[in-house]
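Undergrad: Dropping a prediction and its sequence here:
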Amino acid sequence: MNPEKVYQNLNQLHIPYQVYNHPPTPSVEDALPYWEKIDATHCKNLFFRNHKGNKHYLVIFHHLKQLNIRQLEKLLKQGKLSFASEKRMIKYLGLTPGSVSPFGIINDSEKHVQLFIDEDLMQASHLSFHPNINTSTVVISKDDFLKFLNYHGNPFIVLTFNPTS
């Protein structure tokens, strides 16, 4: 929940980034007016757990797509999924609802959380995420995002997410 930890980590990895401050935006709909002038592909980040509660997944996809959880379950082949609780978000990512971001893996020292990333994002030159707090948006290149993920070592898989109507 401390953006400075994200910035320090990006600096340590020599990843250039841009920060855009704005009022709290706990949802994509709230963020849209502030994203209008930011040249990046904006992402939606959803945190799930499996039925047993022993596996957790961060699903990252284009902000304009809508996902059907049942379709997502079939795509991910991880069994029945449900949204993870605030308690689980704090435990595994150090985040609260409305601030979910792949930068939360900084706090996942056990590499517990697996990431599923929409293949469409791999076509983007730059991506935007909250820096673990919803009062800012950080833009980094897609290549630097992959560098960040590889450095932290959480497993991730790139998949094709089909939007629902």
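TA: Nice, thanks for sending it over. Residues are numbered from 1 along each chain as shown.
Undergrad: mind listing the helices for the chain?
TA: Here the chain has its helices, by DSSP state H, at 3-12, 28-35, 69-76, 86-93, 142-152.
Undergrad: Same question for the longest one: list its buried residues.
TA: Going back to what we said before, that points to helix 142-152. For helix 142-152, a neighbour-count test (16 or more other CB atoms under 10 Å) marks 142, 144-149, 152 as buried. C-beta here means a position set from N, CA and C on the backbone, and glycine is covered the same way.
Undergrad: my read: residue 73 touches residue 67, true?
TA: No. Between residue 73 and residue 67 there is no contact under CB atoms under 8 Å: 10.3 Å.
Undergrad: circling back to that earlier point, widest-spaced pair of the buried residues of helix 142-152?
TA: Pairwise distances across those (CB to CB) peak at 16.1 Å, for the pair 142 and 152.
Undergrad: quick one: contacts for the residue lying closest to residue 15 once chain neighbours are set aside?
TA: The shortest distance from residue 15 to any non-neighbouring residue, by CB to CB, 6 or more residues apart in numbering, is to residue 144 (4.3 Å). By CB atoms under 8 Å, 6 or more residues apart in numbering, the contact set of residue 144 is 10, 13, 15-17.
Undergrad: So among those, which ones count as buried?
TA: Of the contacts of residue 144, these count as buried by 16+ other CB under 10 Å: 10, 15, 17.
Undergrad: Return the helix or strand in this protein with minimum mean pLDDT.
TA: Using mean pLDDT, DSSP states H and E, the weakest-scoring helix or strand in the chain turns out to be helix 69-76, at a mean of 87.
Undergrad: That helix: which residues count as buried?
TA: Applying a neighbour-count criterion of 16+ other CB under 10 Å, one finds 72-73, 75-76 buried in helix 69-76.
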